[in-house]
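Peer 1: predicted model and sequence below, questions to follow.
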Amino acid sequence: MTTIKCVVWDLDGTIWDGVALEAQPGEVLNPIPEVLRAMEVLEERGIVNSLASRTDPSVGDMVWRHPQLARRFVAPQLGWGRKSDAIWRIADELGVRLDAFAFVDNSPFERADVAAALPDVLVLAPEELLELLDSPLFRPAVATAEARGRVDRYRQEQARRHAQRSFDSRAEFLEWCQMRLSLAPASLADVDRLAELSVRTHRLNSTGETLHREHVARLVTDARWFVPVARLTDRFGDYGLIGAAFVERSGKGRCEGDESAWCLRLLTISCRVAGRGVAVAFLRWIIGRARAAGATRVLAQVRRTDANLEVRVLFRQFGLQIVDAGEKAGANRALLGRMLTGPLPACPPWLHLVEGE
Amino acid sequence: MTGRVEDEIRRILAEVLRLHVTVVAALPDDTSLFADELGLDSLAGARLIATIEKEFRVDIAAEDLNLDSLQTIATLRDFVTARANPGNGADG
């Protein structure tokens, strides 16, 4: 039996409660005591702890500065890419075979993704790791037959799960996840979450502007504005409201003087659903609504920040180009636009759209 | 130097798009980055820009506000070639 030599931990929701990227300045997130204890036990047994988090690399500072987490992780991986790639890199760096790896993540989506991409890796929810901690898998020394039997049963269960989940491609895996993206105009019940989203998203946030509750409530009820929200569910659960847009409808004196344009003033999408094509589907749907309403052009405001390069690439993908980057737009700001003729990027085939009113 | 820049850009594209290098190497240089053959999305695009900055010291995010260089393999190659430190490719 191969024993585990390296445990790769997810960060947000696994090592600590909360999302590091959404922490307020000065706020310190602390590891969950049982998890911290487990990491210490593993270390005592000569098992290496590593880290794979889908987050901004800058979050590393929070980890390296934390007295209980600094120097805890070997070959840590912080970034927006797939976790299976991160585990590959760790395996490369440590020279450890994949079947000696355990991956611990609270997200069933991430677990399924890694299980599908790397069938040799032992994939566990945090509570499963805590349960198995004293099993022979995590003990380099030999343990009792009873305990070995339990591990064998667990391995069989894993094998069964893997058999069910062999996918030829990433697209096939995403299709299997049964993602439903619900798109509808916001209601007053969404106002708190909309304000929160504008504060907490950085990466997929077109202007970095913070909207206050009252302001959001005004725009949601104003017929001159179209404020759609996106919600995502998949076979693992409900992610809630994960995207919003604030769009000025066409009309006299609006949209930078172009009466036949719709103007996207703010687009914001939560990093919790990164890598699933939500941004493309949402923006395509919004532009489709503008076209259906008779608009001939779509404009989009953007402010360049250190974090939101991805939004700029998204806008470029949609053929939005600078129409004003001058004084009027302001520092680091630009107004982009495109005519509504010609094709738009396709909606990712694995996202099933549900439109509401 | 153009040939080396283009080879390196094709290698970086293969890496960020998880495609085999030979697939990207075989595409004509007017292949659109966002079209199906390559299928660049916003996440891969941001990684592409970050990798190019690291390897060529060319900051597309700052120097190409419209991101016009992200049209085809050729536009990206030309943008990087025009700005990369010529010393990098010299033989001495």
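Peer 2: Yep, it's here.

Peer 1: just give me the neighbour total for the closest residue to A:Phe109 other than its chain neighbours.
Peer 2: Nearest residue to A:Phe109 in three dimensions, chain neighbours excluded: A:Phe236, at 5.3 Å (CB to CB, 6 or more residues apart in numbering or on different chains). Every residue, glycine included, has its C-beta placed from N, CA and C. By the criterion of other CB atoms under 10 Å in any protein chain shown, A:Phe236 has 15 neighbours.

Peer 1: my guess is A:Phe236 meets A:Asp105, correct?
Peer 2: No - A:Phe236 is beyond contact range of A:Asp105, at 11.5 Å (criterion: CB atoms under 8 Å).

Peer 1: that older thread, so the residue nearest to A:Phe109 versus A:Trp176, what's the distance?
Peer 2: As for A:Phe236, its distance to A:Trp176 is 11 Å (criterion: CB to CB, to the nearest Å).

Peer 1: repeat for B:Thr31
Peer 2: 30 Å.

Peer 1: helices or strands next to the strand or helix carrying A:Glu310 in the packing?
Peer 2: For A:Glu310, the host element (DSSP states H and E) is helix A:309-317. If you count contacts as 3 or more CB pairs under 8 Å, 6 or more residues apart in numbering or on different chains; DSSP states H and E, helix A:309-317 packs onto strand A:204-205, helix A:278-292, strand A:297-303, helix B:42-56.

Peer 1: ok, now which ones touch the residue nearest the centre of chain B?
Peer 2: Closest to where the C-alpha atoms of chain B average out (CA atoms, centre = their mean) is B:Ile9, at 3.9 Å. Going by CB atoms under 8 Å, 6 or more residues apart in numbering or on different chains, B:Ile9 touches B:52, B:73, B:76-77, B:80.

Peer 1: most proximal residue of chain A with respect to chain B?
Peer 2: Across chain A, the shortest distance to chain B (CB to the nearest CB) belongs to A:Val313, at 3.4 Å.

Peer 1: pLDDT score for the nearest residue to that residue once chain neighbours are set aside?
Peer 2: Using CB to CB, 6+ apart and skipping residues adjacent in sequence, the residue nearest A:Val313 is B:Gly45, 3.4 Å away. If you check B:Gly45, the pLDDT there is 94.

Peer 1: likewise for the one 10 residues further on?
Peer 2: We note a pLDDT of 94 for B:Glu55 in this prediction.

Peer 1: how near is it to chain A?
Peer 2: 17 Å (CB to the nearest CB, to the nearest Å).

Peer 1: what's the burial count for that residue?
Peer 2: 16.

Peer 1: just the helices in chain B please.
Peer 2: B:2-17, B:21-25, B:42-56, B:60-63, B:73-83 (DSSP state H).

Peer 1: nearest to A:Val247, of those helices?
Peer 2: helix B:42-56 (19.1 Å; CB to CB).

Peer 1: tell me the contacts of A:Arg193?
Peer 2: Taking CB under 8 Å, 6+ apart as the test, what A:Arg193 contacts is A:240-241.

Peer 1: now distance to A:Ala91 too, for the helices and strands packed on helix A:309-317, in TSV please.
Peer 2: Putting the helices and strands packed on helix A:309-317 into TSV (distance: least, CB to CB, whole Å) gives the following:
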stretch	distance to A:Ala91
strand A:204-205	30
helix A:278-292	30
strand A:297-303	39
helix B:42-56	20
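
Peer 1: looking at the ones you listed, which is closest to A:Leu51?
Peer 2: helix B:42-56 (19.2 Å).

Peer 1: centre of the chain to that closest one, how far?
Peer 2: 8 Å (CA atoms, centre = their mean, to the nearest Å).

Peer 1: for stretch A:187-204, measure first residue to last.
Peer 2: 22 Å (CA to CA, to the nearest Å).

Peer 1: tell me how far that stretch is from the chain's mean position?
Peer 2: 15 Å.

Peer 1: interface residues of the stretch 201-350 of chain A facing chain B?
Peer 2: A:204, A:274-275, A:277, A:279-280, A:304, A:309-314, A:316-317, A:321-322, A:325, A:334, A:345 (CB under 8 Å from any CB of the partner chain).

Peer 1: only whichever of the residues you listed are buried, select them in ChimeraX.
Peer 2: Remark: buried members of these, expressed as a ChimeraX selection using 16 or more other CB atoms under 10 Å in any protein chain shown:
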select /A:204,274,275,277,279,280,304,309,310,311,312,313,314,316,317,322,325,334,345
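
Peer 1: neighbours of A:Gly253, how many?
Peer 2: Residues near A:Gly253, counting by other CB under 10 Å: 6.

Peer 1: brain fart, B:Lys54
Peer 2: The burial count for B:Lys54: 10, using other CB under 10 Å.

Peer 1: likewise A:Asp92?
Peer 2: For A:Asp92, using other CB under 10 Å, the count is 10.

Peer 1: who are the packing partners of the strand or helix carrying it?
Peer 2: Using DSSP H and E, A:Asp92 sits in helix A:83-94. When contacts are defined as 3+ CB pairs under 8 Å, 6+ apart, helix A:83-94 sits against strand A:6-9, strand A:48-54, strand A:77-79, strand A:101-104, helix A:108-117.

Peer 1: buried residues in the last one?
Peer 2: The one in question is helix A:108-117. Those would be A:109-117, for helix A:108-117 by 16+ other CB under 10 Å.

Peer 1: quick one: those as TSV, columns for pLDDT and distance to A:Ser250 too.
Peer 2: Below are those laid out as TSV (pLDDT from 0 to 100; distance: CB to CB, whole Å):
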residue	pLDDT	distance to A:Ser250
A:Phe109	93	38
A:Glu110	94	42
A:Arg111	95	46
A:Ala112	93	43
A:Asp113	92	41
A:Val114	94	46
A:Ala115	93	48
A:Ala116	91	45
A:Ala117	91	45
